[in-house]
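K.L.:
Okay, predicted coordinates and the sequence, questions at the end:
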Amino acid sequence: MKFFSTGRRSSTVDFKEATIKGQAPDKGLYFPEVIPVLDNEFIRKIESLPNEEIAFRVIRPYVEEVMPEEKLVQIISETINFPIPLVPVTETIFSLELFQGPTLAFKDVGARFMSRCLGYFMKGYDKKVTVLVATSGDTGGAVANGFYETEGVEVIILYPSGKVSPVQEKQLTTLGGNIHALEVKGTFDDCQQMVKKAFADEEINKKRFLTSANSINVARWLPQQFYYFFAYKQWPYKKDPPVISVPSGNFGNICAGILAQKSGLPVRHFIAACNANDVVSDYLLSGVFKSKDAVATLSNAMDVGNPSNFVRILEIFHHHFPDLKAQLSSFAVSDEATLAAIGEVYASHDYLMDPHGAVGYVSLQKYFTGHPSEKGIFLETAHPVKFPRAVENATGRETEIPSALAELMKKEKKSILIDNDFDQLKEYLLY
Ligand SMILES: *Cc1c(COP(=O)(O)O)cnc(C)c1O
């Protein structure tokens with residue numbers, strides 16, 4: 001498989017080069033030249049297949065030229081070594097629990113897959129690679145955990161000071177070793193801008209071999225398709241495909257789901273569930289894409305004003321707005337509605353949601369108002385214990401901290417505080 005750049009001015013590359021580069025030289029995102037189509041038999045038999053086999057069939061077309069089968073099998077089994085259950089919440093709404101990995105966030109899947117690919121690809125080089133990544137909360141932890149002690153890889157994480165939860169902060173500042181945390185006095189969008197600038201900076205690139213572990217990297221983006229197939233495997237109404245609601249920030253996750261659908265996965269409709277950062281719901285109404293400054297919300301991992309993967313969604317639909325609009329809806333959910341849903345679902349259905357999953361739940365309900373006979377899934381993208389204050393506010397219940405997390409909270413935070421100033425990042429990277 002070859003990948004082209006959505007900027008259309010860089011040459012095509014294979015999966016290995018796309019993984020190492022992260023972003024294309026023309027600043028576009030890599031996108032597969034062909035979307036593979038899985039045979040019907042595979043979908044029909046999905047219930048009888050082990051998750052490893054499903055994942056293998058889904059990802060192999062993208063990587064086969066650059067990785068032997070045994071290596072791919074090994075990477076897959078290390079990537080998905082935790083449960084991903086589909087849990088009924090009401091008769092028509094199910095939660096896909098993506099939070100049972102080591103950092104309690106769905107990003108574990110992509111980060112674990114990518115770190116192992118990059119470790120494998122870097123074996124042939126004598127130079128170290130620096131993974132430079134901006135996080136709105138969960139990316140940092142998942143990337144730190146996934147890449148910790150990976151040979152040949154240094155990781156530098158930028159996060160907005162005071163805008164990630166205490167658990168999230170500990171996850172990305174306490175490992176040490178090859179993991180370095182920069183605490184930026186600014187927003188997530190500021191961090192993302194600084195990272196983008198660093199990638200474009202000649203001096204930095206001379207000194208360091210930079211790559212990205214944000215969902216713009218194909219090795220993080222593509223494996224996120226796996227769990228959409230696992231969801232369908234567990235879906236009880238096979239003849240009646242689910243509406244899938246995805247709590248969205250940079251739109252990598254939902255874009256992977258739409259890609260899975262194009263590859264043959266039965267999905268009725270997709271919902272981009274957003275908080276007050278409603279760029280895409282505006283776009284679907286007006287047809288005009290206009291980025292905005294991010295605003296802070298309870299679902300902080302989705303506080304994104306200029307979603308980087310949206311261009312890939314446009315690409316999937318060949319920039320044809322009516323097709324896109326037919327497949328995708330989007331809702332903006334307020335913090336008040338998010339908290340109310342957490343409280344109500346806990347009281348009525350004894351199910352505890354985190355603020356991100358709750359945005360997905362509310363969006364699904366909003367969609368059902370106009371489509372009362374449909375059934376659906378929302379992606380529970382983070383464990384509720386990562387957001388104890390919101391969950392306690394909403395339910396009146398104290399969250400129990402798992403012992404692994406309690407241990408983590410005792411560890412010492414190590415970060416370097418910098419201003420929202422590119423020169424300070426540059427100095428750090430050059431020293
Ligand atoms: C990153 C994240 C999201 C948003 O995912 P995107 O792929 O950026 O759209 C949603 N929920 C949680 C908990 C996250 O960490």
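P.N.:
Good, I have the coordinates.
K.L.:
Find the closest residue to the ligand in the stretch 1-150 of the chain.
P.N.:
Nearest to the ligand in the stretch 1-150 of the chain, going by Cβ to the nearest ligand atom, is D138, at a distance of 3.0 Å. For glycine as for every other residue, the C-beta is placed from the backbone atoms N, C-alpha and C.
K.L.:
mind listing what that residue touches?
P.N.:
103, 105-107, 168, 301, 381-382, 386 (Cβ atoms under 8 Å, 6 or more residues apart in numbering).
K.L.:
One more: K163?
P.N.:
Counted by Cβ under 8 Å, 6+ apart, K163 has contacts 136-137, 187-188, 296, 300, 303.
K.L.:
One more: D350?
P.N.:
Taking Cβ under 8 Å, 6+ apart, one finds nothing in contact with D350.
K.L.:
repeat for I342
P.N.:
Per Cβ under 8 Å, 6+ apart, neighbours of I342: 352-355, 358, 390-391, 394-395.
K.L.:
Dump those to JSON lines, plus distance to Q193, secondary structure and neighbour count.
P.N.:
Putting the contacts of I342 into JSON lines (distance: Cβ to Cβ, whole Å; DSSP: H, G, I helix; E, B strand; the rest coil; neighbours: other Cβ atoms under 10 Å) gives the following:
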{"residue": "L352", "distance to Q193": "35", "secondary structure": "coil", "neighbour count": "20"}
{"residue": "M353", "distance to Q193": "31", "secondary structure": "coil", "neighbour count": "30"}
{"residue": "D354", "distance to Q193": "27", "secondary structure": "coil", "neighbour count": "29"}
{"residue": "P355", "distance to Q193": "25", "secondary structure": "helix", "neighbour count": "30"}
{"residue": "A358", "distance to Q193": "29", "secondary structure": "helix", "neighbour count": "34"}
{"residue": "A390", "distance to Q193": "27", "secondary structure": "helix", "neighbour count": "23"}
{"residue": "V391", "distance to Q193": "31", "secondary structure": "helix", "neighbour count": "26"}
{"residue": "A394", "distance to Q193": "33", "secondary structure": "helix", "neighbour count": "25"}
{"residue": "T395", "distance to Q193": "37", "secondary structure": "helix", "neighbour count": "19"}
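K.L.:
So which bits of the protein are right by the ligand?
P.N.:
105, 107, 137-138, 215, 247-253, 301-302, 356, 381-382 (Cβ under 6 Å from any ligand atom).
K.L.:
Mind checking which of those residues land in strands?
P.N.:
P247 (DSSP state E).
K.L.:
Surely L408 touches K170?
P.N.:
Yes: here L408 reaches K170: they are 5.1 Å apart, a contact under Cβ atoms under 8 Å.
K.L.:
related to what we said a few turns ago, reformat the contacts of I342 as JSON lines; add pLDDT and distance to T211.
P.N.:
Below are the contacts of I342 laid out as JSON lines (pLDDT from 0 to 100; distance: Cβ to Cβ, whole Å):
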{"residue": "L352", "pLDDT": "97", "distance to T211": "37"}
{"residue": "M353", "pLDDT": "97", "distance to T211": "34"}
{"residue": "D354", "pLDDT": "96", "distance to T211": "30"}
{"residue": "P355", "pLDDT": "97", "distance to T211": "31"}
{"residue": "A358", "pLDDT": "98", "distance to T211": "34"}
{"residue": "A390", "pLDDT": "93", "distance to T211": "34"}
{"residue": "V391", "pLDDT": "93", "distance to T211": "35"}
{"residue": "A394", "pLDDT": "96", "distance to T211": "39"}
{"residue": "T395", "pLDDT": "95", "distance to T211": "41"}
